[in-house]
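# Requesting a structural model of the entry that follows:
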Amino acid sequence: MNPSESLQVPLKSADGEDRGTLAVPIHQLDQRVRYSLLKEAVVMYRARKRVGTHETKTRSQVAGSNKKPWRQKGTGRARAGTRKSPLWRGGGIIFGPHPRDYSYDINRKQRKLAVRSALLSKFLDGQVVILDGLRLEGVKTKPLAKALSALGIRGSCLIGTQGIDKNLTLSARNIPGVLVSPLKDFNALDVLNARTVLLTREAFDFLSANALERALEPQESAFRDRVSRDNSVSRDNSPQNSSPQDSGPQDSSPQDSGLENSSPPKSGKE
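Numbering: from 1, shown residues only. The predicted structure is shown next:
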């Protein structure tokens, strides 16, 4: 693959009419598709989506008596000290899973390069379409569904816009598999999960006018908000720095403690 070459991307109207092609230079995306980096990014994003609420009970958490089932010797049975033993049915679990956070991060440059490499793979596979002339006056799902059907888009679709388009976002939320996201909020997982990447003409012009390196600046906060919106704790509810008056009693001075004029204890012999 020659980095100096350009890829031709089809340009279509909302009615499905062909309006020619637009060229995107390969060097603005990446020199090659970095599969190992894409895997690392996808594993990271999928790990962030894990809730991690699995739980098992240890022998100390299992309900039951702590009484020794039978005496140590003389019964012919194996010795046993508790009914909560992990060896017994209904006992505790050894090394079982407990609630934990699976999320982790990779370098910012890696995230930035991963989304560019993911877009390059979509451009090379011919899974990118530029949409021209889509205007939604209000929140209407039917016109958007009609436009997607006219474009021949089946399955999952990622619609990229230049900025936040409220009408488009609300109109697409009732269509299964369709996700609307500003260009700056693209990440490698969303791009790879989509069978078709649909870019508006304004978003593509924004890519052409600005370097892709700047346009695809990863906004990790948007991804985290979308994944953990229900489980996150707002900053307003976090404990604030307490003032000295609220932090409890202060250290007393020697005068207040009564130790200023105290004399050492006298011995019994004088």
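# end to end, how far does stretch 8-22 reach?
6 Å (CA to CA, to the nearest Å).
# Longest helix of this protein, counting residues only.
Looking across the chain with DSSP state H, the single longest helix is helix 108-124.
# Next, give phi and psi for residue 41.
phi -70, psi -40 (degrees, to the nearest 10).
# Give me the pLDDT value at it.
Note on residue 41: pLDDT of 96.
# Poorly predicted segments of the protein, please.
1-4, 209-270 (pLDDT under 70).
# The same query, at a cut-off of 90, please.
Applying pLDDT under 90 to the chain flags residues 1-8, 14-32, 132-138, 140, 143, 154-155, 162-165, 183-184, 202-270.
# List phi and psi for residue 130.
Dihedral angles (degrees, to the nearest 10) for residue 130: phi -100, psi 130.
# That one and residue 90, how far apart?
62 Å (CB to CB, to the nearest Å). For glycine as for every other residue, the C-beta is placed from the backbone atoms N, C-alpha and C.
# Please identify which of those two sits among more neighbours.
Using other CB atoms under 10 Å, the more surrounded residue of residue 130 and residue 90 is residue 130, with 22 against 10.
# Just to check, the more buried one is in contact with residue 197?
No: using CB atoms under 8 Å, residue 130 makes no contact with residue 197, being 9.8 Å away.
# quick one, what contacts the closest residue to residue 46 other than its chain neighbours?
Excluding the flanking residues, the one nearest residue 46 by CB to CB, 6 or more residues apart in numbering is residue 189, at 7.0 Å. Applying CB atoms under 8 Å, 6 or more residues apart in numbering to residue 189 gives the contacts 41, 42, 45, 46.
# do the same with residue 179
156, 157, 158, 159, 172, 190, 194.
# hmm, back to that, ok, which pair from the contacts of residue 189 is furthest apart?
Greatest spatial distance among those (CB to CB): 41 and 46, at 9.6 Å.
# These two: which has the busier surroundings?
residue 41 (24 against 11).
# Which residue is the nearest non-sequential neighbour of that one?
Distances taken as CB to CB, 6+ apart place residue 114 nearest to residue 41, at 3.8 Å, with adjacent residues excluded.
# Equivalent analysis for residue 33, please.
Per CB to CB, 6+ apart, closest to residue 33 is residue 121, 4.8 Å.
# thought that neighbour was touching residue 34?
No: using CB under 8 Å, residue 121 is not in contact with residue 34, being 9.4 Å away.
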